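Visitor: sequence first, then the predicted structure, then my questions.
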Protein chains: 2
Amino acid sequence: MPKLWNDTISEHRHAVRDAVLDAAAALVHEHGPTGVTMSQLATAAGIGRATLYKYFPDVQAVLLAWHERQVGGHVQQLAAARDAAGEPLDKLAAVLRTYALIGHRHHGTDLAAGLHRGPHLAEAEQQLLALIRDLIADSAAAGDARTDVDPAELAQFCRHALGAAADLPSEAAVDRLVTVTIAAIRPQPRQ
Amino acid sequence: MPKLWNDTISEHRHAVRDAVLDAAAALVHEHGPTGVTMSQLATAAGIGRATLYKYFPDVQAVLLAWHERQVGGHVQQLAAARDAAGEPLDKLAAVLRTYALIGHRHHGTDLAAGLHRGPHLAEAEQQLLALIRDLIADSAAAGDARTDVDPAELAQFCRHALGAAADLPSEAAVDRLVTVTIAAIRPQPRQ
């Protein structure tokens, strides 16, 4: 069955949009988020400037869309890490490690552009916190996490603690950070 | 012996400066860091505008000086908390709790003014990290902290983890955060 015309149009629009965002990713990587222009974006995406302006009003809008796509990809990575592991505590460890590595690798690429203020990020952050909270609750139910502190509070703790990953010099150090963070979540010996 | 003239001048200058910074603290508390003017500052400090301008070129300079004084006070509080406790682990707990409570109470008062970018804060942060690192090393030497991760890395972990205090709803929640953070630092049972 031949594709409907509207589907073809929609697919084309998505392809152009993706090409612009790919170009943005490459240019941000090369010049930093403040050194990208609409002309550069159009050239790198293989479209005319006039066409680019039909998709995005300015560089900031491109960077925001790029960041949204990136953050959406990260949320998918976290869910995939959860689904690939078995026991709740293993799922939790996989998610925390994935989150820490994302923070470690992406440090400095988007902060300068103020993209961390967007509502899309607040939503992704809520998804992340809910994901971690649920895995902590599951781990607690299985006897593998402490029960004296609310899972939502522990999830906040994890998110902040793993923020240290951005400043760490190596992935080995990130692994140690995850190990230390999980130690805080485990059932505690009586003092 | 009567005071030297230069000492009197210097004391007077410090008193005026302190009065301006006290006024800044009160006005920031009332109007937020972006809602303060030089006229308000002069009035609240009980000096003329012309005099104020001899001390500070603009509001930003006043806020920066106020923040420097505030951060300096926090560093002193942390050192006092350390010195008041006995064993290294108790000192560590006292310092972490004090730091978390500072973050909890001062959340939002100075961030909006972009004051967190100043070099004075980077220096205070280094002092804080060194203070925590040394207490973790002392605790490890006493058998009360883990030895499989470098104390400097653990100090970074603590600083980030306690950043969660700013988002917590109560001091009881801050206490739980400190308990959880210290659990991560303790010697770990063999898995």
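Guide: Perfect, I can see it now.
Visitor: lowest-scoring secondary structure element of chain A by mean pLDDT?
Guide: Within chain A, no helix or strand scores below helix A:5-31, which has a mean of 88 by mean pLDDT, DSSP states H and E.
Visitor: quick one: mean pLDDT for the very next helix or strand once past it?
Guide: Sequence order places helix A:38-45 as the next helix or strand after helix A:5-31, per DSSP states H and E. Here helix A:38-45 scores 95 as its mean pLDDT.
Visitor: still on that earlier bit, angle of the least confident helix or strand of chain A against helix A:38-45?
Guide: Using axes from the mean of the first three to the mean of the last three CA atoms, to 10 degrees, the direction of helix A:5-31 lies 110 degrees away from that of helix A:38-45.
Visitor: can you mark which positions in stretch A:34-46 are buried?
Guide: A:Val36, A:Gln40, A:Leu41, A:Ala42, A:Ala44, A:Ala45 (16 or more other CB atoms under 10 Å in any protein chain shown). All C-beta spots, glycine's among them, are computed from the backbone N, C-alpha and C.
Visitor: was I right about the first one contacting A:Val28?
Guide: Meaning A:Val36. Yes - at 6.1 Å, A:Val36 counts as touching A:Val28 under the criterion of CB atoms under 8 Å.
Visitor: which neighbours do these two share?
Guide: Common contact partners of A:Val36 and A:Val28 (CB atoms under 8 Å, 6 or more residues apart in numbering or on different chains): A:Leu63.
Visitor: the domain parsing of chain A - what is it?
Guide: With domains defined by automatic domain parsing, chain A comprises A:1-57, A:64-191.
Visitor: quick one, which of those is nearest to chain B?
Guide: domain A:64-191 (3.6 Å; CB to the nearest CB).
Visitor: roughly how far is the closest one from the heart of the chain?
Guide: Mean-position distance between domain A:64-191 and its chain equals 10 Å (CA atoms, centre = their mean, to the nearest Å).
Visitor: so A:Asp148, which state does it fall into?
Guide: Secondary structure assignment for A:Asp148 (DSSP: H, G, I helix; E, B strand; the rest coil): coil.
Visitor: for it, what are phi and psi?
Guide: Backbone torsions of A:Asp148, given as degrees, to the nearest 10, read phi -90, psi -10.
Visitor: now do A:Ala152 against B:Ala61, distance only.
Guide: 41 Å (CB to CB, to the nearest Å).
Visitor: have a look at the two and say which one is more surrounded.
Guide: Between A:Ala152 and B:Ala61, counted using other CB atoms under 10 Å in any protein chain shown, A:Ala152 has the larger neighbour count: 15 against 11.
Visitor: which residue is the nearest non-sequential neighbour of that one?
Guide: A:Arg133 (5.0 Å; CB to CB, 6 or more residues apart in numbering or on different chains).
Visitor: burial count for A:Val16?
Guide: By other CB under 10 Å, 17 other residues sit near A:Val16.
Visitor: now do the contacts for it.
Guide: Contact analysis of A:Val16 by CB under 8 Å, 6+ apart lists A:Ala45, A:Ile47, A:Thr51, A:Tyr55.
Visitor: so the last one touches A:Asp18, yeah?
Guide: Which is A:Tyr55. No - when contacts are counted by CB under 8 Å, A:Tyr55 is not listed as touching A:Asp18 (10.7 Å).
Visitor: show me the shaky parts of chain A.
Guide: Scanning chain A for pLDDT under 70 picks out A:1-3, A:107-118, A:190-191.
Visitor: could you rerun that using 50?
Guide: A:110-113 (pLDDT under 50).
Visitor: get me the contact residues on it for chain B.
Guide: Contact residues, chain A versus chain B (CB under 8 Å from any CB of the partner chain): A:146, A:148-149, A:153-154, A:156-157, A:159-164, A:167-168, A:173, A:176-177, A:179-181, A:183-186, A:188-189.
Visitor: now the buried members of the residues you listed.
Guide: Here the buried ones among these, as counted with 16+ other CB under 10 Å, turn out to be A:146, A:149, A:153-154, A:156-157, A:159-164, A:168, A:173, A:176-177, A:179-181, A:183-186, A:188.
Visitor: keeping just the C-alphas, turn stretch A:36-52 into CSV.
Guide: Output in CSV follows, covering the C-alpha atoms of stretch A:36-52 (Å, rounded to 0.1, in the frame of the first residue of the first chain):
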residue,chain,number,x,y,z
VAL,A,36,26.6,28.5,16.7
THR,A,37,24.8,30.6,14.0
MET,A,38,21.8,29.9,11.8
SER,A,39,24.0,30.1,8.7
GLN,A,40,26.3,27.4,10.0
LEU,A,41,23.3,25.3,11.0
ALA,A,42,21.7,25.5,7.5
THR,A,43,25.0,24.7,5.8
ALA,A,44,25.8,21.8,8.1
ALA,A,45,22.2,20.4,7.7
GLY,A,46,22.3,20.7,3.9
ILE,A,47,19.4,23.1,3.7
GLY,A,48,18.9,26.7,2.8
ARG,A,49,18.7,29.4,5.5
ALA,A,50,15.1,30.3,4.4
THR,A,51,14.1,26.7,4.9
LEU,A,52,15.8,26.5,8.3
